[in-house]
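Visitor: everything below, folded, please.
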Amino acid sequence: EGPLIAGKLYFSEGLEYEMRKTPVYELPFPFNQKKQEGVNSFAQFDWIASTKHLVTATVHIAPQRLDFVNMDFFNPYPTTPDASTHNYTVTLADRLTLGTGMLENTFSATWFDARIWGQGTQDLVMTPAGNSGSYFGQQNRNASRLSWAPVYSFGALSWLGTHNFKAGAYMAESTDNGQVTDHPIDILNSASQLIERIAYTGGQPFRRWDVEYAFFGQDHWNITPRLSVDLGVRTESQQVSESFRLAPRVGIAWTVFPSLGTVM
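Guide: Just a heads-up that it's a prediction; the model follows:
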């Protein structure tokens with residue numbers, strides 16, 4: 001981390017790479033290694049446009065790969081699934097001093113995908129002595145979320161104490177898409193005789209979409225140095241559930257014994 005342009009542009013980066021192998025001692029080597037591998041990167045840029053204007057941008061990247069998940073003596077590696085996930089998040093925060101108050105706008109975008117698949121396409125065979133075949137489930141999912149949160153903090157107002165008003169909104173759009181496919185499962189008894197077969201009906205790909213809105217206003221009221229009150233109200237709506245919620249909020253903080261620092 002450090003300045004790219006002294007007094008103007010600053011940069012910070014944290015990067016982690018991890019690979020972890022966990023042996024299953026009941027199974028023969030080298031077919032007994034569960035593996036987890038991933039990268040976690042977080043970068044931040046801070047731009048000081050002026051003494052009253054600050055812009056911050058962050059980028060978070062976190063891909064991960066899992067091999068032979070939940071492998072054990074009864075579920076050797078051919079019957080276990082592999083999985084992968086990718087998570088990307090970008091945020092942009094703009095803070096601008098207007099008069100005696102401050103306007104803050106935060107934009108955020110997140111993309112996420114996940115996959116689960118087996119080592120082959122054979123049916124999963126379950127027996128009292130252990131399982132064989134391939135993992136039965138295959139999943140493909142991807143989701144995204146875009147949001148905008150404008151907030152304005154007013155300058156302090158003196159009337160029967162000190163008031164600090166704040167008002168803002170939150171708007172977001174979310175998507176969730178994917179498909180789940182399952183292979184049959186055969187259950188055998190100790191004599192290798194088929195006693196049950198589970199077959200799944202294939203489903204269609206799913207696509208979900210939602211929009212959310214929220215608005216709030218609040219006042220942090222310092223009545224005396226020992227007593228303060230928080231008053232606020234928030235409204236929320238969600239398209240997918242066709243809901244509307246109204247939430248008033250009240251909070252009180254009172255310093256009972258100033259010499260001891262006890263606060264209720």
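
Visitor: who touches stretch 103-116?
Guide: Outside stretch 103-116, the residues within contact range by Cβ atoms under 8 Å, 6 or more residues apart in numbering are 81-97, 137-153. (C-beta placed from N, C-alpha, C; glycine too.)

Visitor: which among the residues you listed end up buried?
Guide: Buried members of the contacts of stretch 103-116, counted by 16 or more other Cβ atoms under 10 Å: 81-85, 87, 89, 91, 93-96, 137-138, 141, 143, 145, 147, 149, 151-153.

Visitor: which ones among these are found in helices?
Guide: Using DSSP state H, no member of these falls in helices.

Visitor: just the contacts of stretch 103-116: which are in strands?
Guide: 82-97, 137-153 (DSSP state E).

Visitor: show me what contacts Val180?
Guide: Gly137, Gln138, Gln139, Gly203.

Visitor: would you reformat the residues you listed as CSV and include pLDDT and distance to Asn75?
Guide: Formatted as CSV, those follow (pLDDT from 0 to 100; distance: Cβ to Cβ, whole Å):
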residue, pLDDT, distance to Asn75
Gly137, 91, 13
Gln138, 92, 17
Gln139, 93, 18
Gly203, 76, 25
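
Visitor: nearest to Pro184 among those?
Guide: Gly137 (11.5 Å; Cβ to Cβ).

Visitor: how about that closest one: what's its closest non-neighbour residue?
Guide: Leaving aside its sequence neighbours, Gly137 sits nearest to Asp182 (Cβ to Cβ, 6 or more residues apart in numbering; 5.3 Å).

Visitor: separation between that neighbour and Asp82?
Guide: According to Cβ to Cβ, to the nearest Å, Asp182 stands 16 Å off from Asp82.

Visitor: what does Thr56 give?
Guide: To Asp82, Thr56 is 37 Å away according to Cβ to Cβ.

Visitor: cool, and Ser147?
Guide: 32 Å.

Visitor: which strand or helix spans the residue lying farthest from the centre of the chain?
Guide: With Cα atoms, centre = their mean as the measure, the chain has its most outlying C-alpha, relative to the mean C-alpha position, at Ala191: 47.6 Å. Secondary structure from DSSP states H and E places Ala191 outside every helix and strand.
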